[in-house]
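J.: need the 3D shape of this:
(one chain, ligands or ions: 1)
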Amino acid sequence: MENQQRTNDGKSPDRKILSEVGENGVAIITINRPPLNLLSVHVLLSLKEKIEEAIRKDSVKAIVITGSRGNFSAGFVVTAFGGSQQRKTHRELGFMSIDFITDTLEASRKPIVAAVEGFSLGGGFEIALACHARISTSTSKLGLPELQYGILPGFGGTQRLPRLVGLPKALEMILTSKRISGDEACNMCLVDAISPSDQLLGSACQWALDILECRRPWSISLFRTDRLAPLAEARTLLNSVRAQIQKQNPNVIHPLVCIDVIEHGILCGPRNGLWKEAEALHELRQSDSCRSLVHVFFAKQSTSKIPGITDIGLLPRKINKVAILGGSLMSSGIATVLVLANYYVIMKYIDQNSLQNGIGRVKANLEGRVKEGRMTQEHYKKVCTLLKGVLSYDNFKDVDLVIEDVPDIVSLKQQFFADLDECCPPHCIFASTTCIVNLDLIGERMKPCREIVGIHFFSSPSVTDLLEIVRTERTSPQTLVDLLNFGKRIQKTPIVVQNCTGFAVRRMCFPYLQAAMLLVEHGADAYQIDKALTSFGLKLGPFRMLDQDGFQSAAVHDVKFLETFPDRSYKSNLIPIMRKNNRAGEYTCQGFYTYNDKEEASPDPEISKYIEMARSMSGITIKSKLATLSDGEIVEMILFPVLNEACRMISEAIIVKSSDLDVASVLGMGFPGYRGGIIFWSHSVGFKYICSKLEEWSKEYGEFFKPCAYLVERASKRSSLGAQVKQAKSLL
Ligand SMILES: C[C@H](O)CC(=O)SCCNC(=O)CCNC(=O)[C@H](O)C(C)(C)COP(=O)(O)OP(=O)(O)OC[C@H]1O[C@@H](n2cnc3c(N)ncnc32)[C@H](O)[C@@H]1OP(=O)(O)O
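T.: A predicted model of the protein is given here:
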């Protein structure tokens, strides 16, 4: 092997890109910034230099690009976007995309093959797309996640992907930021062959030599046309996708800009498309949406960094077998998530019927994935072998984690945990999904050395990406480290919260729903309230949220909150009245909305009758000011109380850092990520303004709006709500 050790000026060589030439004449160029081989302008310049050098050398016949230590490249350092470091113009970014990736790499007179393993995302994936062939392991993960950051693929992804896989598939991958496996990529001819990891480099080198010898096609992705549909068909598809995006998300422009760029390339040629892409990237990376979404990325990354817990050298213990106690919808949802993450799961319940139903639901969930093409039949069969239903504790002696999900009856839970205490090994972690019963109370009949943590999955475990881990005074650092790792393995973002009523998400939803009740009982229109909040970007307005959760759950939580926070609870009679009239939310097809058999919601004028009843029961009169609020005022009157509650949680140290509440609000309550989460957004509104509004409303409408001491103090000092998330240093 010929290996470059010194540069011409005698300095140590740049080790970010390694290059060596094998006896077969293939230069292997390795992106070497482990663990993820992230890209920066500097790394790309070094890569360009090494490729040019290999092209120049007579001894080199062909080139393979790969990444070190099992990852190709997870793409560009995202701090390069949305931040204050906006030095580069679109010409310079265009230079990378055109001068390097297109005119050097793709136009190389020697074949270049990508050997893809592990993560190949964003700019990393775009480099692979420009190579003349791609060989991948079956489990590598490929994708273009740029839209998650309010930008668009900036190194030719908008031009090359549609030409390689056709427009419909490319749009799906780009617009959903969906990652696909090497196998899936091979099925759609995005990679040319699959190879086991230990043979990957050998296969890629051979493929490159085969291209050279004309035994394999020399494919230039940018100029392929065979997968592109006729122009009229492409335009129809792009227009329908545009309309869909505008309907679903009218507040953000980056998906539309991305579609324009794709269309431009189809109409005016891919090279023009590349320039348009570079210009668009330059514009978008300076937007507020980009700044907010990059903040959410780093906020999510930092939820699992807990001072004094994750920085004291503890390693997560292995969790192999998990027992779920319960036969509910939630139990089945949790079991589905777990078997998909390759955990061995036993579901236990007291009666055969409920247990069978529970197991049946897990299988139906998995079958649904097969039908949608998200899982192969073979994988389905394998995953099903990980699941077992039991009625006794016989199989519990090697269980590492128990998740209790039985009805919220204290004595029942206490009995279950007393039994578990006898049957499970000492290292087994005991967790409960309850959000109502005090965790300390349900463990009272266990040995004193045992502890119970809360683990909160939200109503649809496979849909919600958030996992609340609830710690008590007794929770050990080791248990937290184990559960944080467990959360990551099941692909959730875990946030650690202190044991308190509602934890983080419910506690923020509480004022969200209560403020809406208060406004509606004083004259505001329920449907205008929902529309104002969804137009602002929330996934669900408060009344749709209540319908979706079901009024039974709302009633239980109301009681709990009224009990815990009587001073700031708004007591409404609306839900109890509607329940008495057989309206209990979406599952009864009637709540604040009515639902048809396609689960579509329609406003129902009937509800004014119940609102009137609630008003007269509480002796409330309509306030003309509240009956004529603008959408903007509604948003403030509903979200400022949410921020107020978030401030209380910060001051009570319920969460580890304030940005955890951004994550909780985005993933748990549907706050728009492009506004950065509740705390990030409130910085842009200004605490002084928020505080003065809350003070004004508390004088007019009561204690519910009273700003908490922490917010008052921050507003008076004009300081922020806790430290901002630390981001990686920009390397652009
Ligand atoms: C021009 C181009 O088109 C634009 C682009 O390329 S945009 C960038 C596209 N790439 C991405 O979005 C990848 C983002 N990263 C991820 O999703 C995940 O890190 C991953 C799935 C790749 C790996 O997950 P995992 O193995 O759990 O590692 P993870 O802990 O997340 O990351 C390791 C470290 O790298 C950092 N990191 C990962 N990707 C990063 C990125 N793109 N930018 C900056 N930092 C990044 C993480 O913050 C973390 O830092 P820390 O050690 O200080 O906490």
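
J.: which stretch of helix or strand covers the residue of the stretch 351-500 of the chain found nearest the ligand?
T.: Closest to the ligand within the stretch 351-500 of the chain is Lys488: 6.3 Å, counting by CB to the nearest ligand atom. From N, CA and C alone the C-beta is placed, and that goes for glycine too. Under the criterion of DSSP states H and E, Lys488 resides in helix 477-489.

J.: what packs against that helix?
T.: Using 3 or more CB pairs under 8 Å, 6 or more residues apart in numbering; DSSP states H and E, the elements in contact with helix 477-489 are strand 429-432, strand 452-456, strand 466-471, strand 493-498.

J.: can you point out the buried residues in that helix?
T.: Within helix 477-489, the residues scored as buried using 16 or more other CB atoms under 10 Å are Thr479, Leu480, Val481, Asp482, Leu483, Leu484, Asn485, Phe486, Gly487.

J.: what about the fifth one, distance to Glu277?
T.: Distance check for Leu483 against Glu277: by CB to CB, to the nearest Å, it reads 42 Å.

J.: gap between stretch 113-129 and the chain center?
T.: The chain centre lies 22 Å from the centre of stretch 113-129; the measure is CA atoms, centre = their mean, to the nearest Å.

J.: picking up where we left off before, could I get the helix holding Lys488 in PDB with only the CA atoms?
T.: Taking C-alpha atoms only, helix 477-489 is exported to PDB below (Å, rounded to 0.1, in the frame of the first residue of the first chain):
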ATOM      1  CA  PRO A 477     -28.200   7.400  38.700                       C
ATOM      2  CA  GLN A 478     -27.700   3.900  37.300                       C
ATOM      3  CA  THR A 479     -31.400   3.400  36.700                       C
ATOM      4  CA  LEU A 480     -31.600   6.700  34.900                       C
ATOM      5  CA  VAL A 481     -28.600   5.800  32.700                       C
ATOM      6  CA  ASP A 482     -30.200   2.500  31.900                       C
ATOM      7  CA  LEU A 483     -33.500   4.000  31.000                       C
ATOM      8  CA  LEU A 484     -31.900   6.800  28.900                       C
ATOM      9  CA  ASN A 485     -30.100   4.200  26.900                       C
ATOM     10  CA  PHE A 486     -33.300   2.200  26.700                       C
ATOM     11  CA  GLY A 487     -35.200   5.300  25.400                       C
ATOM     12  CA  LYS A 488     -32.500   5.800  22.700                       C
ATOM     13  CA  ARG A 489     -32.700   2.100  21.600                       C
END
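
J.: that one: how far from the chain's middle?
T.: Worked out by CA atoms, centre = their mean, helix 477-489 lies 18 Å from the chain centre.

J.: what does it contact?
T.: Outside helix 477-489, the residues that touch it by CB atoms under 8 Å, 6 or more residues apart in numbering are 304, 306, 308-310, 312, 314-317, 319, 341, 343, 401, 429, 431, 451, 453, 455, 467, 469, 471, 493-494, 496.

J.: for Leu105, which three-state class applies?
T.: helix (DSSP: H, G, I helix; E, B strand; the rest coil).

J.: for burial, what's the neighbour tally of it?
T.: Residues within reach of Leu105, counting by other CB atoms under 10 Å, total 22.

J.: nearest residue to it in space, ignoring adjacent ones along the chain?
T.: Counting by CB to CB, 6 or more residues apart in numbering, Ala130 is the residue found nearest to Leu105 once chain neighbours are left out, at 5.2 Å.

J.: that neighbour reaches Pro153, doesn't it?
T.: No. Assessed by CB atoms under 8 Å, Ala130 is found out of contact with Pro153, at 11.9 Å.

J.: which parts of the chain sit against the ligand?
T.: 36, 38, 74-79, 119, 121-123, 126, 145-146, 153-155, 157, 301, 728 (CB under 6 Å from any ligand atom).

J.: and Ala130 and Pro153? Which one has more around it.
T.: Under the criterion of other CB under 10 Å, the comparison of Ala130 against Pro153 puts Pro153 first, with 30 against 26.

J.: in the sheet, who's paired with Val456?
T.: Actually, residue 456 is His. It isn't Val. In this entry, His456 is beta-bridged to Glu468, by DSSP bridges.

J.: numbering from 43 from now on, please.
T.: OK, 43 is where the count begins now, so the last one is His498.

J.: how many residues are close by it?
T.: For His498, the neighbour count with other CB under 10 Å is 23.

J.: quickly note the distance from it to Glu687.
T.: 17 Å.

J.: quick one: contacts of stretch 635-651?
T.: By CB under 8 Å, 6+ apart, stretch 635-651 touches Ala568, Tyr569, Phe585, Arg586, Asp589, Met620, Glu628, Cys631, Gln632, Phe634.

J.: which secondary structure elements does the helix or strand hosting the second one contact?
T.: It refers to Tyr569. In this assignment (DSSP H and E), Tyr569 forms part of helix 568-578. With contacts defined as 3+ CB pairs under 8 Å, 6+ apart, helix 568-578 has these neighbours: helix 545-563, helix 584-591, helix 673-693.

J.: next, the angle helix 584-591 makes with the first one.
T.: Compare the direction of helix 545-563 with that of helix 584-591 by axes from the mean of the first three to the mean of the last three CA atoms, to 10 degrees and you get 120 degrees.
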